[in-house]
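Trainee: What shape does this take:
(one chain, ligands or ions: 1)
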Amino acid sequence: MEKLLKDLFLKVKNLRFFGKKNAERFVFSLLEAENEEIKSLSLLLERLSAEKSICSNCGVQGLNDPCSVCANDNREDTLLIVENSREFYKLEMLGFFKGRYHVLNGVISPFKAQTFEDLNISNIKDRIDKEGITEVIIGLSPLPEGEITTKYLTKYLSSTNCKITRMAVGIPSGQVVENADDITLKTALLGRIDA
Ligand SMILES: [Zn+2]
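Mentor: Next comes the predicted model:
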């Protein structure tokens with residue numbers, strides 16, 4: 001393979017979620033694409049690189065700080081804690097959750113040497129006060145790492161006056177929230193239990 005193609009292949013392959021097969025597909029489809037298509041894709045990527053940001057309030061990765069949910073005063077006073085931005089967008093696209101989000105950008109993980117302090121939690125108690133949050137829903141996957149993080153969060157937030165619940169019903173143990181189907185996710189969120 002020529003160096004340019006090899007470099008491109010490696011860059012795409014190393015992106016999260018791509019892997020070898022998808023990287024091959026991507027590179028070969030670019031080779032077959034019209035030059036105009038490649039140029040407009042490259043312009044969009046440049047714009048994305050210049051404009052992407054992280055919401056300093058909730059931690060979601062996107063294009064605006066604050067994000068559209070944090071900037072909306074009409075959201076309900078329920079705060080849903082999720083592991084990553086993909087889960088934020090998935091739930092937001094489903095459209096039934098009207099509260100606010102807080103994105104941890106990780107979970108406690110001995111394998112990745114990630115501790116509770118590494119998570120995006122430094123402003124969460126401030127948010128609960130300032131935004132008048134009455135209920136915090138912990139929406140982490142029922143995997144060992146999610147379970148440990150849920151325990152830490154429950155303890156950490158026990159000094160606040162809000163109700164602390166978790167999504168439980170519906171999501172089978174071991175399944176990741178972002179992979180749960182829409183109905184399962186809705187059932188899990190509506191049928192939440194005390195943490
Ligand atoms: Zn936000």
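
Trainee: what does this structure put close to the ion?
Mentor: Within the chain, the positions near the ion by Cβ under 5 Å from the ion are 55, 57, 58, 67, 70. Glycine gets a C-beta too; all of them are placed from N, C-alpha and C.

Trainee: Which PyMOL command selects the buried ones in the residues you listed?
Mentor: Selecting just the buried residues from those in PyMOL takes one command, with 16 or more other Cβ atoms under 10 Å as the test:
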select buried, resi 55+57+58+67+70
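
Trainee: I'd like the residues of the chain next to the ion written out as JSON lines, with pLDDT added.
Mentor: Listed next are those as JSON lines, based on pLDDT from 0 to 100:
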{"residue": "55", "pLDDT": "98"}
{"residue": "57", "pLDDT": "98"}
{"residue": "58", "pLDDT": "98"}
{"residue": "67", "pLDDT": "97"}
{"residue": "70", "pLDDT": "98"}
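
Trainee: what two of the residues of the chain next to the ion are the furthest from one another?
Mentor: 57 and 67 (7.5 Å; Cβ to Cβ).

Trainee: Measure how far the longest helix anywhere in the chain is from the centre of its chain, please.
Mentor: Determined from DSSP state H, the single longest helix within the chain is helix 35-51. Its chain's C-alpha centre and that of helix 35-51 lie 24 Å apart, by Cα atoms, centre = their mean, to the nearest Å.

Trainee: For it, which residues meet the burial criterion?
Mentor: Result for helix 35-51 [16+ other Cβ under 10 Å]: no buried residues.

Trainee: And for stretch 57-72?
Mentor: By 16+ other Cβ under 10 Å, the buried positions in stretch 57-72 come out as 57, 58, 59, 60, 61, 62, 67, 69, 70.

Trainee: Please apply the same query to stretch 111-123.
Mentor: 114, 119, 120, 121.

Trainee: same thing with stretch 15-22?
Mentor: Of the residues in stretch 15-22, none is buried (16+ other Cβ under 10 Å).

Trainee: And the pLDDT for residue 92?
Mentor: At residue 92, the pLDDT value in this model is 94.

Trainee: which residues touch the residue nearest to it when sequence neighbours are not counted?
Mentor: Leaving aside its chain neighbours, residue 92 sits nearest to residue 69 (7.0 Å; criterion: Cβ to Cβ, 6 or more residues apart in numbering). Contacts here follow Cβ atoms under 8 Å, 6 or more residues apart in numbering; on that basis residue 69 touches 58, 60, 75, 92, 100, 101.

Trainee: Between which two of these is the distance greatest?
Mentor: 60 and 75 (13.3 Å).
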